[in-house]
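Undergrad: let's see this in three dimensions:
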Amino acid sequence: MPEPIKVYSFPPLIEPGATVLVLGSMPGVKSLQAQRYYANDRNFLWRILYALSGREPDETYEERVRYAASIGVGMWDMIGSCVRPGSLDMNIRDAEPNDLPGLVAAHPTLRALVFNGTKSHSIYLKHFKGHPTLAGLDLLRMPSTSPVPTPAMRTLEDRLREWTRLRPYLRFPSDR
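TA: Next comes the predicted model:
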């Protein structure tokens, strides 16, 4: 059996003025192949972000990225590199965290860190809990937007009920 290869996350996707940083664990196989955040069409993240403003997702990745930036959302992953066969978080080994304090220090407008799933949150707790640079940010642990169903999170609507807690941190055109 071949040795699993080491995988690496993407650079942060964040613009000046961002108010929220959505933190995944590590991009899945489809996202790594496409070199795009949340590239798996079955992942719920893009549909959730758009549903928060009552819109349908734009067609292209570039439009989606612009939309996320326009409402104050940045994206990154808690893990910079790891060994993981496939896309499941449970298969992650040898995880090395990204420099979350460094990114937060460079973006003083951030108000909240949003953990997209349990693994993202557990990596935060292991490496950054109590870090002074992160003090004062609201921490929102959300159910994963992964297409893998859980007993409590099976559909878009299930996840959206929880992810609506993000809305007060976002900037919508009607808010400006």
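Undergrad: what about the residue nearest to residue 25 when sequence neighbours are not counted, how many residues nearby?
TA: Spatial nearest neighbour of residue 25, chain neighbours left out: residue 119 (4.0 Å); criterion: C-beta to C-beta, 6 or more residues apart in numbering. From N, CA and C alone the C-beta is placed, and that goes for glycine too. Neighbourhood size, residue 119 [other C-beta atoms under 10 Å]: 22.
Undergrad: is residue 119 in a helix, a strand, or coil?
TA: helix (DSSP: H, G, I helix; E, B strand; the rest coil).
Undergrad: and it, what's its pLDDT?
TA: At residue 119, the predicted lDDT confidence score is 90.
Undergrad: against residue 164, how distant is it?
TA: In this view, residue 119 and residue 164 are 22 Å apart by C-beta to C-beta, to the nearest Å.
Undergrad: in stretch 42-58, what counts as buried?
TA: With burial defined by 16 or more other C-beta atoms under 10 Å, the residues of stretch 42-58 counted as buried are 43-52.
Undergrad: just give me how far stretch 96-105 sits from the chain centre.
TA: 14 Å (C-alpha atoms, centre = their mean, to the nearest Å).
Undergrad: before we move on, what about stretch 72-88?
TA: Centroid separation between stretch 72-88 and its chain, computed with C-alpha atoms, centre = their mean, is 8 Å.
Undergrad: how far off centre is stretch 138-147?
TA: Chain-centre distance of stretch 138-147: 8 Å, with C-alpha atoms, centre = their mean.
Undergrad: rewinding a little: for the buried residues of stretch 42-58, which one is nearest residue 77?
TA: Distance ranking of those against residue 77, using C-beta to C-beta, places residue 45 first at 12.3 Å.
Undergrad: isn't that closest one up against residue 144?
TA: No - with contacts defined as C-beta atoms under 8 Å, residue 45 does not count as touching residue 144, sitting 9.3 Å away.
Undergrad: hey, what's in contact with both of these two?
TA: With C-beta atoms under 8 Å, 6 or more residues apart in numbering applied, the overlap between the contact sets of residue 45 and residue 144 consists of residue 116.
Undergrad: what stretches of the chain score poorly on pLDDT?
TA: Low-confidence regions of the chain, defined by pLDDT under 70, span residues 1-3, 86-91, 149-150, 153, 174-176.
Undergrad: residue ranges of the helices in it, please?
TA: Along the chain, counting by DSSP state H, helices occupy 29-34, 45-51, 61-70, 100-106, 118-128, 156-163.
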